[in-house]
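Sequence plus predicted model, see below.
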Amino acid sequence: MSRQERSSRRVAGLRDAGADVRGIHCDVADAGSVERAAQAAFEAFGHVHVVCNNAGVAAAGGIDNISVDNWRWVIDVNLMGVLHGIKSFLPHIREHGEGGHIVNTASMAGMNGGLGFSPYAASKFAVVAMSEGLSMQLKPYGIGVSVLCPHFVRTAIGQSERNRPERYSQTCRSIRPVRWRQ
């Protein structure tokens with residue numbers, strides 16, 4: 001079953017449970033895709049007050065595997081995806097003047113260098129810094145900013161490769177699953 005089929009099933013399940021939901025495919029690494037998702041949200045629900053930027057991938061890194069394509073992919077999703085979300089939704093929230101809140105998901109890896117020289121840790125450190133700076137700037141507008149830094153969470157991030165777009169090269173893929181130390 002494709003990702004879009006799984007997504008459609010989840011949306012249908014939420015609707016069956018009584019939720020007013022919409023589903024839209026969005027590549028957070030693509031600013032245009034995020035902008036289209038934002039426009040769909042505005043059209044469906046009117047004013048948006050809460051934005052949750054929550055996407056993440058992991059790829060091999062370290063001193064023995066400095067693949068620029070791996071770094072570019074992880075930075076584009078984990079960091080630029082957050083920036084695209086802010087850029088697409090913040091003007092709308094400021095314009096309606098009713099306040100709001102932005103939640104950016106980073107990771108404990110964004111507060112601890114324990115993963116070493118890795119694109120994942122670097123991207124998550126950047127999300128923490130960006131969120132802290134944004135929080136100070138948006139407070140006068142009644143818009144809050146939080147950064148979520150979960151510790152070990154059981155996800156399929158070790159299989160991020162399954163979602164890797166062709167534009168991030170198929171030749172530099174030596175991806176190893178992320179193994180969190182506990």
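In hand now; what should we look at?

If you count residues, where's the longest helix of this protein?
In terms of residue count, the longest helix belonging to the chain (DSSP state H) is helix 119-138.

Please name every helix or strand in contact with that one.
helix 68-75, helix 81-96, strand 100-105, strand 143-148 (3 or more C-beta pairs under 8 Å, 6 or more residues apart in numbering; DSSP states H and E). The way it works is simple: take the backbone N, C-alpha and C, and place the C-beta from them, glycine included.

what separates the spatially closest residue to Thr105 that is not a sequence neighbour from Gly46, distance-wise?
Among residues not flanking Thr105 along the chain, Asn54 sits closest, at 4.2 Å (C-beta to C-beta, 6 or more residues apart in numbering). Using C-beta to C-beta, to the nearest Å, Asn54 is found at 22 Å from Gly46.

picking that back up, ok, the residue nearest to Thr105 - contacts?
103, 105, 148 (C-beta atoms under 8 Å, 6 or more residues apart in numbering).

Select only the buried ones of those in ChimeraX?
To isolate the buried ones among the contacts of Asn54 in ChimeraX, judged by 16 or more other C-beta atoms under 10 Å, type:
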select :103,105
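
quick one: which of the contacts of Asn54 is nearest to Phe42?
For the contacts of Asn54, the minimum distance to Phe42 (C-beta to C-beta) is 18.5 Å, reached by Val103.

Can you give me every residue that contacts the closest one?
Contacts of Val103 by C-beta under 8 Å, 6+ apart are 50-54, 145-148.

Can you lay out those residues as CSV showing pLDDT and distance to Ala121?
Shown next, in CSV, are the contacts of Val103 (pLDDT from 0 to 100; distance: C-beta to C-beta, whole Å):
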residue, pLDDT, distance to Ala121
Val50, 97, 27
Val51, 97, 24
Cys52, 97, 22
Asn53, 97, 18
Asn54, 93, 18
Val145, 98, 21
Ser146, 97, 20
Val147, 96, 15
Leu148, 93, 16
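
And those, which of them are buried?
Buried among the contacts of Val103 by 16+ other C-beta under 10 Å: 51, 53, 145, 147.

coming back round to it: the contacts of Val103 into JSON lines, with extra columns for distance to Glu166?
Shown next, in JSON lines, are the contacts of Val103 (distance: C-beta to C-beta, whole Å):
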{"residue": "Val50", "distance to Glu166": "33"}
{"residue": "Val51", "distance to Glu166": "28"}
{"residue": "Cys52", "distance to Glu166": "28"}
{"residue": "Asn53", "distance to Glu166": "24"}
{"residue": "Asn54", "distance to Glu166": "24"}
{"residue": "Val145", "distance to Glu166": "34"}
{"residue": "Ser146", "distance to Glu166": "34"}
{"residue": "Val147", "distance to Glu166": "31"}
{"residue": "Leu148", "distance to Glu166": "30"}
